[in-house]
Every structure is written in C-alpha cells, then in structure tokens.
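**Q** When you get a sec, could you give me coordinates for this:
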Amino acid sequence: QVQLVESGGGMVQAGGSLRLSCAASGRTFSVTDMGWFRRPPGKEREFVAGISWSKNTAYASSVKGRFTISRDNAEKTVYLQMNSLKPDDTAVYYCATGRQFTTVLATRETGYDYWGQGTQVTVSS
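**A** Take a look at the predicted model:
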C-alpha cells in the first residue's frame with residue numbers, strides 16, 4: 001500500500017520561504033515520478049512541480065524561478081523548496097506518485113495515482 005506523508009507547511013509572510021517534504025512508502029521510490037500539486041482556496045487543484053525518476057523536472061509557470069523540487073531516493077522523500085512566496089501561493093499542497101520508468105514527466109493530475117493528505121501553506125501580505 002502506497003503512503004505519502006507531507007510536512008513543512010505553515011504560515012509565512014510574503015517574501016519568505018518554506019520547505020515541504022513528502023515521505024513515501026509502499027512503492028519502489030527510485031523509479032517513480034513524483035509531483036507537487038496545490039489547491040488554492042475556492043479553486044481547482046493545479047500542478048506545481050514534478051520530478052521524474054531520472055531527475056528531470058518541470059514547473060508551473062507561476063512558480064518557475066521561485067520553487068525547486070528535488071528528491072532523495074535513499075530517504076524516499078521528495079522536497080519542494082519555496083522561496084519568494086506570494087499571497088497567491090496560499091493553498092493546500094499535495095504530493096503524489098506518478099508512473100514508473102517514464103520518458104515524459106506528467107504535468108496533469110491524470111498522470112498521478114496516489115496522493116498525500118495535504119499540508120496547508122498560508123502566505124500573508
């Protein structure tokens with residue numbers, strides 16, 4: 001059974017930083033794509049960043065240059081470093097497992113199957 005546990009959310013002022021972590025179990029982590037999504041208040045869930053099993057990365061245009069996704073296969077953990085945070089980044093952030101041995105990193109929800117419970121990030125102005 002796949003389990004994903006996010007941590008690191010919280011409240012921060014605009015311009016601040018947070019680092020989210022997602023610990024995974026129940027799947028061969030090193031060959032699985034991983035992604036971060038978020039659901040802003042009153043909006044649909046949206047793609048934020050993804051990292052393939054071969055460590056290729058993809059970012060939403062709204063976070064490119066501010067957020068960095070990384071993974072530690074030994075720790076079975078994926079990270080999202082968020083810098084220069086804005087109030088528009090306020091959302092519940094979810095990590096998710098993607099497919100294995102992919103050649104193209106998915107950037108849509110349909111490319112991911114297991115999801116964490118989410119962690120709240122609130123950025124005040």
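**Q** Could you say which helix or strand holds residue 117?
**A** Under the criterion of DSSP states H and E, residue 117 resides outside all helices and strands.
**Q** what pLDDT does it get?
**A** Listed pLDDT for residue 117 reads 96.
**Q** what about it, neighbour count?
**A** The number of residues packed near residue 117 is 11, by other CB atoms under 10 Å. Any C-beta I mention is one placed from the backbone N, CA and C, and that applies to glycine too.
**Q** for the nearest residue to it once chain neighbours are set aside, what are its contacts?
**A** In space, residue 117 comes closest to residue 6 once its chain neighbours are excluded; the distance is 6.8 Å by CB to CB, 6 or more residues apart in numbering. Residue 6 makes contact with 20-22, 93-95, 116-119, according to CB atoms under 8 Å, 6 or more residues apart in numbering.
**Q** In strands, which of those residues fall?
**A** 20-22, 93-95, 119 (DSSP state E).
**Q** Many thanks, have a good one.
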